[in-house]
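Visitor: Okay, here's the prediction I keep looking at, along with the sequence it came from:
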Amino acid sequence: MKKIPYAVGNFEQIQEQGFYYVDKTFYISALEEWNAPVFLRPRRFGKSLWCSTLECYYDINRKDKFHSLFGKTWIGQNPTQSKNAFMVLRFNFSVVSVKPDVRVIEDNFIANQSPTIKKFLSRYGALFGNLNIAMDMPLANQLQIIIEAVDEHKLPPIYLIIDEYDNFTNQLITSRNDDLYKALTTGDSFLCSFFKVIKSGIEQQSIGKVFITGVLPITIDDLTSGFNIAQMITLQKQFANMMGFTHKETKDYLSYVFKSYGFDCARMPEILEIMENHYDGYRFLPDVERTLYNSTIVTFFLKYLVVNDGQIPRELIDDNLKTDVSWIQRLTTVKENTDAMMDAMVFDNALEYDLKQLVSKFNMHKFFEKDYYPVSLFYLGIVTCFDDFSMCLPNNTMREIFVDYYNELNDYEVSKGYTQFFRQFLAEPDLEKLFAAFYETYLGQFSAQAWDKINENFVRCTFYEICTRYLSRYFTFSMEVNYPSGRSDWEMTGKYHTKYKDTKTIIEFKYLSSKEAGRILSLNAPENEELTQVLGYKKDALKMFPEFKITACIIYVAANKGFRFFKLDD
């Protein structure tokens, strides 16, 4: 029975200590067509594990362990000629912290990265002998000495890996320290010098291959003069699924967990629906057929299931994702732009973009141009490609984060005055009373002018966030659940370890202007269009979950004039 490798980014540890591994090694052979590829993905997408996988595959010192490490993988069955043919030097820039000036940052850079050089020389000491490298000299100088020794003694080439190459430069951007960022990425700065040495090593073939990961393309673009050989493969279709989990990989992973740990396999469709709604939805090219799951958060979820005997986590959101939203204010720079961005996402879940601007390299100046906002957010993983024309939030996790952030920016109260309504609901589940409390308490904070912007998407998203905030111990909530007959607006499902298990409520929302309030508020029965839709979803859901008690509801909201609630009889 394999363990779940949450927060385990070491490939050797995963293979030797019995962790589950989603095999991505097919992409190793594809990467060998490139000399200096740079691959960008949002945080929490498995970049560090992939770097560790490459390190183990190419390391000459792990030649005797090739079968034990890779024997059951795709690349183990289809090895390339370059396996175990390099001395691997792997840097991790995420440990470099930001300081107040360039000199202090360089000292920190040297202090954090010199141990990597020292470890490298220790691992391959039999080849190098004694090299006169002082660990306090500039890192570019240390690397230059190694490159010259490789060339002089005709040693095996270096496979250089840099993980999170832009982590500390991104910190400068988020802290609005633009002058310091420019000082680091131009001229003869220590960072530019470091990349110039890498370029020189590649040209003289002492460095045989380079692989670089990061989040944003701007630092590598601003370093162009020193590293103009970078090959940006992020938008190459052949690598679209290299990080993150496909639908099949996720389903296989879940199936393995349920069967190995003895969980009730009848619950798998329920769990898969939760995972799909909260962790799926990433499309890193507009023309790919299927979306991807965030691999790290899927593993977080499965780890929780295993540790807690099959229970669903109360909080489905990884707190690390919440910090990414801070980029919104930094990106938009002024409140007017921030408001426009938030309105587009919260009200319409759509940001129009120019497909020509979805490029793999652009500088910091463009990153902050209004026209580039959607593409900038795309690289951060906050939005994803919907099609050739618009970006959208990838899943309910990001929607919840955005609504929460929207409330914070606009000072809408979501923490006080709600407790009594949700306590009453748990004692006597009356969804109409709960929605009435939401309508009066939350939406009641909005001015008449604000109601001009409110629409159906906003109502269901804010109701979703409020309910998730107070009821996540007992229920999971979803929006736009896919069925053969269409996509439901809003769902609430009882967690199977609570007394609400095997229950599901499906709501169809309909938002109308205040001009139609008279007609809507006088309805004695739902209208045919909404009735047909929600009953179709209920019928589909019953086929998937025949043991569930499924309730269908329709809510008509007539702007700030009131609402009508219909619970449909069985």
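Guide: That came through fine.
Visitor: host element of the residue lying closest to residue 69 once chain neighbours are set aside?
Guide: Of all residues not flanking residue 69 in the chain, residue 15 sits nearest, at 5.0 Å (Cβ to Cβ, 6 or more residues apart in numbering). In this view, the C-beta of every residue, glycine as well, is placed from N, C-alpha and C. Residue 15 belongs to helix 11-16 when assigned by DSSP states H and E.
Visitor: could you say what helices and strands the next helix-or-strand element following that helix packs with?
Guide: Next in sequence after helix 11-16, counting helices and strands by DSSP H and E, comes helix 26-31. Applying 3 or more Cβ pairs under 8 Å, 6 or more residues apart in numbering; DSSP states H and E, we find helix 26-31 packed against helix 47-58, helix 74-77.
Visitor: How about residues contacting the helix or strand just after the shortest one?
Guide: Helices and strands here follow DSSP H and E; after helix 74-77, the next one along the chain is strand 87-92. Here strand 87-92 makes contact (Cβ atoms under 8 Å, 6 or more residues apart in numbering) with 48, 51-52, 54-55, 58-60, 113, 116-117, 120, 123-124, 127, 146, 150, 155-164.
Visitor: In strands, which of these fall?
Guide: Mapping the contacts of strand 87-92 onto strands (DSSP state E) picks out 158-163.
Visitor: rewinding a little: filter the contacts of strand 87-92 down to the buried ones and hand me the PyMOL line.
Guide: Filtering the contacts of strand 87-92 down to the buried ones (16 or more other Cβ atoms under 10 Å) takes a single PyMOL command:
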select buried, resi 48+51+52+54+55+58+59+60+113+116+117+120+123+124+146+150+155+156+157+158+159+160+161+162+163+164
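Visitor: Can you get me a residue count around residue 188?
Guide: Neighbour count of residue 188, defined by other Cβ atoms under 10 Å: 8.
Visitor: Might one say that residue 474 is in contact with residue 426?
Guide: Yes. Taking contacts as Cβ atoms under 8 Å, residue 474 lies within contact range of residue 426: 6.9 Å.
Visitor: how far out from the middle of the chain is stretch 519-529?
Guide: Relative to its parent chain, stretch 519-529 has a centroid offset of 41 Å by Cα atoms, centre = their mean, to the nearest Å.
Visitor: repeat for stretch 186-195
Guide: Stretch 186-195 has its C-alpha centroid displaced from the chain centroid by 30 Å (Cα atoms, centre = their mean).
Visitor: Would you mind writing the CA trace of it as CSV?
Guide: The C-alpha atoms that make up stretch 186-195 are tabulated as CSV, following Å, rounded to 0.1, in the frame of the first residue of the first chain:
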residue,chain,number,x,y,z
THR,A,186,20.2,44.7,-16.2
GLY,A,187,23.8,45.6,-16.7
ASP,A,188,26.5,43.7,-14.9
SER,A,189,24.5,42.6,-11.9
PHE,A,190,25.4,39.4,-10.1
LEU,A,191,22.3,37.7,-11.6
CYS,A,192,23.1,38.8,-15.1
SER,A,193,26.7,37.6,-14.6
PHE,A,194,25.4,34.2,-13.4
PHE,A,195,23.3,33.7,-16.5
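Visitor: contacting residues around that stretch?
Guide: With Cβ under 8 Å, 6+ apart as the contact definition, stretch 186-195 has outside contacts at 102, 106, 109, 138-140, 143, 169, 183-185, 222-223, 225-227.
Visitor: And the helices in the stretch 351-500 of the chain?
Guide: Applying DSSP state H, counting those that start in this stretch to the stretch 351-500 of the chain gives helices spanning 364-367, 373-380, 396-410, 419-427, 431-441, 456-471.
Visitor: which residues sit against the third one?
Guide: Right, helix 396-410. Under Cβ under 8 Å, 6+ apart, the answer for helix 396-410 is 277-279, 297, 316-317, 321-322, 325, 328, 338-339, 342, 345-346, 349, 382-383, 393, 412, 414, 461-462, 464-465, 468, 477-479.
Visitor: And the residues you listed, which of them are buried?
Guide: Buried among those (16+ other Cβ under 10 Å): 277-279, 297, 316-317, 321, 325, 328, 338, 342, 345-346, 349, 382-383, 393, 414, 461-462, 464-465, 468, 477-479.
Visitor: what's next to the helix or strand where residue 540 lies, contact-wise?
Guide: Counting by DSSP H and E, the element that carries residue 540 is helix 528-544. Applying Cβ under 8 Å, 6+ apart, the contact partners of helix 528-544 are 269, 273, 481, 483-486, 488, 504, 506-508, 510, 548, 550, 552-554, 556, 568.
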